[in-house]
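Trainee: next one to model:
(chains A, B and C)
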Amino acid sequence: MAIAYSTQRILEILGNDCESVGAYDGLISGIASLSEAIAGDLSFLGNPKYRASVARSKASILLVPRDYEGLPQAGQLYLKLDNPSFALALICRDIEGMLLPKPPTGIHPSAVIEADAEISPEASIGAFCYVGSGASVGAAVLESHVTVGRSARIADGSYLFSKASVGDYCEIGLRNRLLAGCVIGSDGYGYEFLDGAHQRVPQIGNVVTGADVDVGANTTIDRARFGSTLIGEGTKIDNQVQIAHNVRVGRHCLIVAQVGISGSSVLGDGVIVGGQAGIAGHLKVGSGAMIAGGTAVVSDIEAQTKVRGYPAMPMMLFNRMAVLQRKLPDLFKRFDQLEKSLESLQNQSR
Amino acid sequence: MAIAYSTQRILEILGNDCESVGAYDGLISGIASLSEAIAGDLSFLGNPKYRASVARSKASILLVPRDYEGLPQAGQLYLKLDNPSFALALICRDIEGMLLPKPPTGIHPSAVIEADAEISPEASIGAFCYVGSGASVGAAVLESHVTVGRSARIADGSYLFSKASVGDYCEIGLRNRLLAGCVIGSDGYGYEFLDGAHQRVPQIGNVVTGADVDVGANTTIDRARFGSTLIGEGTKIDNQVQIAHNVRVGRHCLIVAQVGISGSSVLGDGVIVGGQAGIAGHLKVGSGAMIAGGTAVVSDIEAQTKVRGYPAMPMMLFNRMAVLQRKLPDLFKRFDQLEKSLESLQNQSR
Amino acid sequence: MAIAYSTQRILEILGNDCESVGAYDGLISGIASLSEAIAGDLSFLGNPKYRASVARSKASILLVPRDYEGLPQAGQLYLKLDNPSFALALICRDIEGMLLPKPPTGIHPSAVIEADAEISPEASIGAFCYVGSGASVGAAVLESHVTVGRSARIADGSYLFSKASVGDYCEIGLRNRLLAGCVIGSDGYGYEFLDGAHQRVPQIGNVVTGADVDVGANTTIDRARFGSTLIGEGTKIDNQVQIAHNVRVGRHCLIVAQVGISGSSVLGDGVIVGGQAGIAGHLKVGSGAMIAGGTAVVSDIEAQTKVRGYPAMPMMLFNRMAVLQRKLPDLFKRFDQLEKSLESLQNQSR
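Mentor: Below is the predicted model:
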């Protein structure tokens, strides 16, 4: 990915608020960490613990905090700012806009749109997209091979990557990002055992997402048995997460990769669920709770608490236990010893 | 999803076997639990423990057991039946048929069907489907973007959701439901280390599913090294499950989301595997065994037993251990105390 | 899948180096293990522990080691070789070539190729493929519904199965196999909490794979925040694996199904990661390390070590602990006993 970025462009983005020390005349062709940067790269001091790496960095332009006292090498430019990380994000956002320009509005001739679907004139519908009967797509981008089911709704500002699927009757909120291969609105997993076989329980609900929700690649969110599976505003879901029918996830939650949330469980606002954790069905996880990676939640979790383990326990207890577990072999030995000592004492005292 | 459902239609579905108490003149526009229902909703008393919620429910029509003694509010209708849950399922099935009508038979003009593939005149093939050479598709529904590989077979009554993939030579049984994004018949993961590199072992088998199998969204089932990976009749597989090459799953099993089953393992009939559990390769799991969520199975499991843990152990033992683990910090303290007491006794007795 | 394979063809593949004992005149129609083979099948003795099964096998042709002394039944042919497993792989590779012939070169008329993409005349581009602006595809096979993003590169000899997605700017090396539904180059999961919401951190890097990399079905590999997420030459990744942004996987690693590797972690060469294991972010795993299935790695792992557990510990310690854990209930009982005995001794000695 060839970036060719002038010093002038960087200064335009960062505005007047930055102080230049030294000079670099060439173009910026990459971004890298302090230790990995080569000539032509932009780098930055985001974490004070890497301060010593700045002087050794081969980057051509370095974003450093105002109080950084070192001086650039020949042909190197330091830009001093209040918040180098934030400055970097501004530059990256600009580069992202150049590298990944928003596709033009309009409907690709290969797309199939059912006659009674409504497509905004500001929508961009890519190759091989299918939009079902009664669906509506706002000023959104659909890359290639996207499916929008019957009567589904995609609000303005959403971006659906290649092969995202939105099932029948599901409603995607404003500015959602649905990454490649995710499936919103698959059947909930519900059966009743009757006459010697598992009979499917009809799943006639849908999935509704709030504004600014992100859904990761190949993540699956099942439609409700009835009513809606809900994902709250601002919640960010990573890749390969499974969210079962009738789950309700609050606002501004973070759900890391490969998490599974079973049917009808309810998460409050601001909950953080670490990678590969599992939450059993019909549970309540209070707002602000933090569930460590790999944890198996099998009972309700209080708001603002941290849990970890299989099954989940308070994080402090888990950490203590993890240390003690390793001492179990030693404990068993000491115990055998103790039993013998006691026995010999008992023999003495007879 | 706008439901508009008359009381008369509900009575038609439930038949003569239900007793009306009270009356509701409007249309039903939703289904909800007793506590969440609003006016216009249908609700039901499925679980006796919610009996007290019936009187407070705002639902307009309530399905209740025959022995429920309370009386409806004004404008509310109680329908008394033997089995309210079953009655609800009947109604939901009817609604499902209206909301999600079976697509018309025929082949969408955008689909690509190789010349020597056989498509039943009763099949419904959606937009952008690809059916390979020598494949046959019975009276089945293929939504959009479905792939049916070379010489693969799809039996009558099956429903393949958007972006389901059935690989070369695989055979899908009667009335299967393959949810969006599932992959049946990907290469098995087999390598031999030779000349400093992992050499791929050819995978020339297929996947064969029995009748009435469901496969979840983004689930993957690998083709056999040779012979067949088998999924037995009536088995229901949830989302994001991974089933490796040469696995044999029995009949009427339930395999919950994110489970992984390694190569050549064999599950009997009626096995239940909880979410995120893993089963190592070349193992036998007896019929009727229950494997709790998150369990790591690393040795054979006897029929009709329940296991849990990492690694798996009898569920009773796991539950006991989970309690004791939390007492480890206390045990270590008591132990230190005991050692000291013993030492002081030993000193006394010298 | 109908195989019809003559004895003569098998002898041609195996060459002069094999000794025939007995004779079989028919065609070979399947391959099966010794105990499951029926008449018409080919079988083999790969593992000496199954030696006793050879005489009972109903296979028509059996590959056996040179030192196998038994004699075939009537109408049965033994082929004696140095390495029956390797011989079987040669035959399977030949069958694979017949069952799954390489698709013809050329671009399917339904594919959409942006005007400035470069497609090798030796490439095979299947139905409904989309190749973005500035992308290049070498002498590779793309089955149906494959997406190749803007400026992405697919090197010679690669095979992309149905619905594989390669994101913008990603670079796929020589002879890669990307299985169905995998997503290479999805957005990294990076947010900063600002003004009461999680703000997306731009992800402007890409994914680069070395030669001979395999990527499993529905696996996801995220693009780097900047720079590249790297997968080393010869590394084989199973289904449903999640590899986060800026991860670097070394050469000739094996990463089994449903593993998750968090952002910026670095794996050396020849690392083996068992199924469902998780590796937290910003860690180093040394070359040749083995991480058992289900392990949760939360700190660096030394080269050539074996770890297991939640959290990870040396495998020997884990195995010892797994045994002792089951004795915890007993330990607690013995402990109570010991306390009582000691107390009674203390009372005596007063």
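
Trainee: quick one: which helix or strand includes the residue in the stretch 201-350 of chain A positioned nearest to chain C?
Mentor: Residue nearest to chain C within the stretch 201-350 of chain A (Cβ to the nearest Cβ): A:Ala217, separated by 3.8 Å. All C-beta atoms are positioned from the backbone trio N, CA, C, and that covers glycine. Following DSSP states H and E, there is no helix or strand that holds A:Ala217.

Trainee: kindly report the same for A:Ser344.
Mentor: helix A:328-349.

Trainee: same question, A:Ser85
Mentor: Going by DSSP H and E, A:Ser85 is part of helix A:84-99.

Trainee: who does that helix touch, helix- and strand-wise?
Mentor: helix A:7-14, strand A:30-31, strand A:41-44, strand A:61-65 (3 or more Cβ pairs under 8 Å, 6 or more residues apart in numbering or on different chains; DSSP states H and E).

Trainee: can you redo the ones you listed as TSV with distance to chain C?
Mentor: Output for these, formatted as TSV (distance: least, Cβ to the nearest Cβ, whole Å):
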stretch	distance to chain C
helix A:7-14	12
strand A:30-31	4
strand A:41-44	9
strand A:61-65	13
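
Trainee: could I get those as JSON lines with mean pLDDT?
Mentor: Output for the helices and strands packed on helix A:84-99, formatted as JSON lines (pLDDT from 0 to 100):
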{"stretch": "helix A:7-14", "mean pLDDT": "92"}
{"stretch": "strand A:30-31", "mean pLDDT": "91"}
{"stretch": "strand A:41-44", "mean pLDDT": "95"}
{"stretch": "strand A:61-65", "mean pLDDT": "96"}
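
Trainee: most packed of those?
Mentor: Among the helices and strands packed on helix A:84-99, strand A:41-44 has the highest mean neighbour count (mean count of other Cβ atoms under 10 Å in any protein chain shown), at a mean of 26.

Trainee: which strands and helices sit next to that one?
Mentor: Packed next to strand A:41-44, using 3+ Cβ pairs under 8 Å, 6+ apart, are strand A:30-31, strand A:61-65, helix A:84-99.

Trainee: spell out which parts of the stretch 51-200 of chain A neighbour chain B.
Mentor: A:110, A:112, A:128, A:130, A:145, A:147, A:149-151, A:163, A:165, A:167-169, A:181, A:183, A:186-187, A:189, A:191-192, A:196-200 (Cβ under 8 Å from any Cβ of the partner chain).

Trainee: give me the buried subset of the residues you listed.
Mentor: A:110, A:112, A:128, A:130, A:145, A:147, A:149-151, A:163, A:165, A:167-169, A:181, A:183, A:186-187, A:189, A:197-200 (16 or more other Cβ atoms under 10 Å in any protein chain shown).

Trainee: among those residues, name the ones in strands.
Mentor: Those of those mapping onto strands are A:Val112, A:Tyr130, A:Thr147, A:Ser165, A:Val183, A:Ser186, A:Ala197, A:His198, A:Gln199, A:Arg200, per DSSP state E.

Trainee: residues in contact with A:Ala39?
Mentor: With contacts defined as Cβ atoms under 8 Å, 6 or more residues apart in numbering or on different chains, A:Ala39 is in contact with A:Lys58, A:Ala59, A:Ser60.

Trainee: using CSV, lay out the residues you listed together with pLDDT, neighbour count and distance to A:Lys327.
Mentor: Below are the contacts of A:Ala39 laid out as CSV (pLDDT from 0 to 100; neighbours: other Cβ atoms under 10 Å in any protein chain shown; distance: Cβ to Cβ, whole Å):
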residue, pLDDT, neighbour count, distance to A:Lys327
A:Lys58, 96, 16, 47
A:Ala59, 97, 28, 47
A:Ser60, 97, 26, 52
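
Trainee: which residues touch stretch A:282-290?
Mentor: With Cβ under 8 Å, 6+ apart as the test, stretch A:282-290 has contacts from A:250, A:262-272, A:274, A:279, A:291, A:297-307, A:315.

Trainee: first vs last residue of it, how far apart are they?
Mentor: Using Cα to Cα, to the nearest Å, one end of stretch A:282-290 lies 18 Å from the other.

Trainee: kindly report the same for stretch A:294-309.
Mentor: Stretch A:294-309: ends 7 Å apart by Cα to Cα.

Trainee: give me the residues contacting that stretch.
Mentor: So stretch A:294-309 is contacted by A:268, A:274-280, A:283-292, A:310-319, A:321, B:276, B:293-294, C:278, C:296, C:310 (Cβ under 8 Å, 6+ apart).

Trainee: residue boundaries of the helices in the stretch 201-350 of chain A?
Mentor: Per DSSP state H, counting those that start in this stretch, the stretch 201-350 of chain A carries helices over the ranges A:315-326, A:328-349.

Trainee: to chain B, which of those lies closest?
Mentor: helix A:315-326 (4.7 Å).

Trainee: list the buried residues in the closest one.
Mentor: Buried-residue list, helix A:315-326, by 16+ other Cβ under 10 Å: A:Met315, A:Leu317, A:Phe318, A:Arg320, A:Met321, A:Ala322, A:Gln325, A:Arg326.

Trainee: contacts only, for A:Leu14.
Mentor: A:Leu79, A:Leu81, A:Ala87, A:Leu90, A:Ile91 are the contacts of A:Leu14 under Cβ under 8 Å, 6+ apart.

Trainee: now do the residue nearest the centre of chain A against C:Leu317, distance only.
Mentor: Residue closest to the average C-alpha location in chain A (Cα atoms, centre = their mean): A:Asp238, at 3.5 Å. For A:Asp238, the distance to C:Leu317 (Cβ to Cβ, to the nearest Å) stands at 31 Å.

Trainee: cool, A:Gly132 as well?
Mentor: 56 Å.

Trainee: also A:Gly185?
Mentor: Taken as Cβ to Cβ, the span from A:Gly185 to C:Leu317 is 46 Å.

Trainee: next: A:Pro202.
Mentor: Distance from A:Pro202 to C:Leu317, by Cβ to Cβ: 50 Å.

Trainee: and for A:Pro72?
Mentor: Noted for A:Pro72: a distance of 50 Å to C:Leu317, by Cβ to Cβ.

Trainee: from memory A:Val271 sits against A:Cys253, does it?
Mentor: Yes: assessed by Cβ atoms under 8 Å, A:Val271 is found in contact with A:Cys253 at 4.6 Å.

Trainee: find residues that contact each of the two.
Mentor: Here A:Val271 and A:Cys253 have no joint contacts, going by Cβ under 8 Å, 6+ apart.

Trainee: touching, A:Lys102 and A:Val141? I think so.
Mentor: Yes: look at A:Lys102 against A:Val141 with Cβ under 8 Å: they come within range, at 6.5 Å.
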